[in-house]
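K.L.:
What follows is a predicted structure for the sequence shown.
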Amino acid sequence: SQPVTVSDEARATPLADETAALDIGANNLVACTTTTGEQYLYEGRDLFARFRETTQEIARLQAKLEAGRDSSERIRRLYRKRTRRRDHAQAALCRDVIERLYAEGVNTVHVGDLTDVLETHWSVEANAKTHNFWAFRKFVDRLACTAEEYGISVEARSEAWTSQECPQCGSTERTTRHQETLTCPCGF
């Protein structure tokens with residue numbers, strides 16, 4: 001079911017022509033920067049800690065199951081509870097960030113697409129956070145749905161190689177990355 005509010009107040013168009021960039025991550029769920037200079041940070045450590053506690057309780061209960069059984073009503077209830085918490089957190093975060101961006105006059109939100117990045121560059125824990133806990137694709141879909149209500153478009157850009165791309169010449173092949181420093185033969 002989807003709650004719907006009908007009002008005379010129209011929000012179909014943004015208030016200005018600004019843009020925002022969202023970095024969706026594992027520890028900080030969303031870091032947002034706008035062309036107006038505003039920045040928003042949504043941390044996720046506490047949410048992930050609760051998610052892990054529930055996951056550990058599920059594992060403990062599964063270890064106690066009789067041979068041949070793969071689940072119980074209590075385990076299924078914990079899975080549902082864990083999923084509902086995650087879905088609620090995603091919906092609330094999407095609503096909050098989009099309302100803030102609308103008030104700032106943002107009409108386009110750029111989101112990093114982690115499709116080519118997750119499997120090769122992140123740790124096991126970060127993959128668990130992004131795939132199981134945060135459900136990246138589901139979050140982006142929810143964000144796009146919420147943004148549509150406000151007339152804001154969401155555009156995804158692959159984040160593959162972005163940490164090695166030279167901001168001056170755009171090269172990724174000849175750059176050298178060492179900790180927080182990027183050097184390029186072009187002089188950057």
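P.N.:
Received it, and whenever you're ready, just let me know what you need. The structure presented is a predicted model; accordingly, all values stated were derived computationally and were not measured. Numbers count the residues shown, from 1 in each chain.

K.L.:
C-alpha from now on. contacts and neighbour counts both.
P.N.:
Noted.

K.L.:
So Ala20 belongs to a strand, correct?
P.N.:
Yes: the assignment for Ala20 (DSSP: H, G, I helix; E, B strand; the rest coil) places it in a strand.

K.L.:
thought it was touching Thr33?
P.N.:
Yes: applying C-alpha atoms under 8 Å as the test, Ala20 and Thr33 come out as touching, 5.6 Å apart.

K.L.:
Looking at those two, which one has more neighbours?
P.N.:
Using other C-alpha atoms under 10 Å, the more surrounded residue of Ala20 and Thr33 is Ala20, with 22 against 19.

K.L.:
so what's the more buried one closest to, chain neighbours aside?
P.N.:
Thr34 (4.1 Å; C-alpha to C-alpha, 6 or more residues apart in numbering).

K.L.:
which residues does the one you found contact?
P.N.:
18-21, 101, 106 (C-alpha atoms under 8 Å, 6 or more residues apart in numbering).

K.L.:
redo that, cut-off 7 Å
P.N.:
19-21 (C-alpha atoms under 7 Å, 6 or more residues apart in numbering).

K.L.:
what's the closest of these to Gly187?
P.N.:
Using C-alpha to C-alpha, Ala21 is the member of the contacts of Thr34 that lies nearest Gly187, at 26.9 Å.

K.L.:
Quick check: the closest one touching Cys32?
P.N.:
Yes: in this structure, Ala21 is within contact of Cys32 by C-alpha atoms under 7 Å, at 5.6 Å.

K.L.:
hmm, back to that, tell me how far the residue nearest to Ala20 lies from Tyr40.
P.N.:
For Thr34, the distance to Tyr40 (C-alpha to C-alpha, to the nearest Å) stands at 9 Å.

K.L.:
Ok, Phe51 next?
P.N.:
Noted for Phe51: a distance of 23 Å to Tyr40, by C-alpha to C-alpha.

K.L.:
Many thanks, we can stop here.
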